[in-house]
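Engineer: I'd like to go over a predicted model; first the sequence, then the structure.
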Amino acid sequence: MTTRTTTEEPAGTSASTPPATASDLDGHEALVAAVADQVGRQLRALHSFKAQIARGESDVERAMHVVLYVLADVGPLRGSALAERLGTDPSTTSRQTGELMRRGLLRKLPDPDDGRASLLDVTGTGHEVVAQMKQRRHEHLARAVDGFSDEDLATFTALLSRFAGGLERARTDCLRTTTTAPGENA
């Protein structure tokens, strides 16, 4: 890796070095920096895309859609496990799931492992809403990949799946390091 040098600044002034750009890095590090740039671009585009699709819905409704997607994909979960999976505060998740229950999209089931606890599950109506959202998403995303060959789509899907797995592992590692108390080993 190329090292960056800075000159000493007089006392009382800022001695900040601008962040390295892809052109300042060598080989693999430059490629990782390019991936980071493209992921940021992709996230901004997806955020805008999701907002456009959900136009007319409140931010709360868009956030609740994420709750429905997760529960529809993984099945019933305790509220705490759902909050952890979403990376949200349990009180936020509780408000969202409460509203989804009032709308008849979620229900509580007894936890077979602990009779005192309950699991959150998507209702039949909730599954219909998820199916409608996925259909709208698929219609719009079809435009984004228009012109991709079947081979391109297969490669793209495989790489996205691999990347998503890497993100999930990195998130787990990050959670592990941020929840370890000072002086403890992770």
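Structural biologist: Here it is on my side, so go on. Numbers count the residues shown, from 1 in each chain.

Engineer: Leaving out the residues flanking it, which one is nearest to residue 65?
Structural biologist: Closest residue to residue 65 apart from its sequence neighbours, by CB to CB, 6 or more residues apart in numbering: residue 133 at 6.0 Å. For every residue, glycine as well, the C-beta is placed using N, CA and C.

Engineer: any idea of the pLDDT on the one you found?
Structural biologist: Here, the pLDDT recorded for residue 133 equals 83.

Engineer: So which bits of the lengthiest helix in the chain are buried?
Structural biologist: Secondary structure assigned by DSSP state H gives helix 150-178 as the longest helix of the chain. Of all the residues in helix 150-178, not one is buried under the rule 16 or more other CB atoms under 10 Å.

Engineer: What is the neighbour count of the residue nearest to residue 65?
Structural biologist: For residue 133, the neighbour count with other CB atoms under 10 Å is 16.

Engineer: and the one helix or strand it maps to, what other elements does it pack with?
Structural biologist: According to DSSP states H and E, residue 133 maps onto helix 124-144. For helix 124-144, the packing partners by 3 or more CB pairs under 8 Å, 6 or more residues apart in numbering; DSSP states H and E come out as helix 27-53, helix 59-74.

Engineer: Next up, identify which helix or strand residue 109 is on.
Structural biologist: strand 106-111.

Engineer: Just want the angle from that strand to helix 124-144.
Structural biologist: Interaxial angle, strand 106-111 versus helix 124-144 (axes from the mean of the first three to the mean of the last three CA atoms, to 10 degrees): 120 degrees.
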